[in-house]
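Novice: let me see the structure of the following:
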Amino acid sequence: MKAFPYLFTLFGLAMLLITGCDQSNDSQTGNEAALQEEANALQSNGPVDSQAGNALQSSGSTKSSRVSSRSLLDNINANNDLSTFNSLLRKAGVAKSLSGTGPYTVLAPTEAAFLELPDILRDNLESPEHRELVQQLLNNHIIAGKLTTSDLQDGAILKTAAGHQLKVAKHNDEVQIGPAAMEKPDGMSSNGVLHTINRVLVPVEETML
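Specialist: Below you'll find the model as predicted:
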């Protein structure tokens, strides 16, 4: 059956909220309240729910990389090219979700990836009033389970901690997750694996039939 994508970009709504806030800061709109309620529910679930029954998330990777003794957060913090991602994880409270035993797969956008965002989005990423929306954005870069490039299969569908779906595309040694290409894959950590990517994965809802 033909797929019908319904693009519902949370940050598109955030821009409308920002415009509304400029006009009046006295009351919260119904749309913003609904978004915050949904975001709070996602944050409470966190990225710890494993995708049970998903054959892609196998623990027996054929990758020979040695597991680092450092955690995902340690490795993200040590990478200067992930400084914006690192800062947002901590300020939005999502870092706490990655401090557990996991395992987790983290798709970390580089500094260049954040610079490609529209100015209005990038400038408001650290705004406290949009914390819940930023949490959803960050959770869209986290997948329960440890997925190295060897585990990922062409055409596979991955579900993020934000509840959205990302399609895997593989061609030779190149791996693409949704609209983002992996730049530095398979950064092994004590509680998962870190892949740096060249795009920010803004949450998109779509129906796949």
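
Novice: make it CA atoms for all contacts and neighbour counts henceforth
Specialist: Noted.

Novice: give the contact list for the residue lying closest to residue 99 once chain neighbours are set aside.
Specialist: Among residues not flanking residue 99 along the chain, residue 73 sits closest, at 7.1 Å (CA to CA, 6 or more residues apart in numbering). The neighbours of residue 73, taking CA atoms under 8 Å, 6 or more residues apart in numbering as the test, are 86, 95, 98-99.

Novice: how about the helix or strand hosting residue 73: buried residues?
Specialist: Using DSSP states H and E, residue 73 sits in helix 72-78. Neighbour counts over helix 72-78 (16 or more other CA atoms under 10 Å) mark 72-73, 75-77 as buried.

Novice: over to stretch 174-181?
Specialist: Counting neighbours by 16+ other CA under 10 Å, one finds that the buried residues in stretch 174-181 are 175-177, 180-181.

Novice: now the element after the helix or strand in which residue 184 is found, going C-ward?
Specialist: Using DSSP H and E, residue 184 sits in strand 180-189. Towards the C-terminus, the helix or strand next in line after strand 180-189, according to DSSP H and E, is strand 192-197.

Novice: counting by contacts, list what that next one packs against.
Specialist: helix 72-78, strand 104-109, strand 180-189 (3 or more CA pairs under 8 Å, 6 or more residues apart in numbering; DSSP states H and E).

Novice: reformat those as CSV; add distance to residue 171 and mean pLDDT.
Specialist: Shown next, in CSV, are the helices and strands packed on strand 192-197 (distance: least, CA to CA, whole Å; pLDDT from 0 to 100):
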stretch, distance to residue 171, mean pLDDT
helix 72-78, 27, 95
strand 104-109, 19, 98
strand 180-189, 11, 96
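
Novice: so for residue 145, which of the ones you listed sits nearest?
Specialist: Across these, the minimum distance to residue 145, taken as CA to CA, is reached by strand 104-109, at 4.8 Å.

Novice: partner strands of that closest one, parallel or antiparallel?
Specialist: If you go by DSSP bridges, strand 104-109 pairs up with strand 142-144 (antiparallel), strand 192-197 (parallel).

Novice: could you export these as CSV, including mean neighbour count, mean pLDDT and distance to residue 133?
Specialist: Compiled in CSV, the strands paired with strand 104-109 are given as follows (neighbours: other CA atoms under 10 Å; pLDDT from 0 to 100; distance: least, CA to CA, whole Å):
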stretch, mean neighbour count, mean pLDDT, distance to residue 133
strand 142-144, 25, 96, 15
strand 192-197, 24, 97, 21
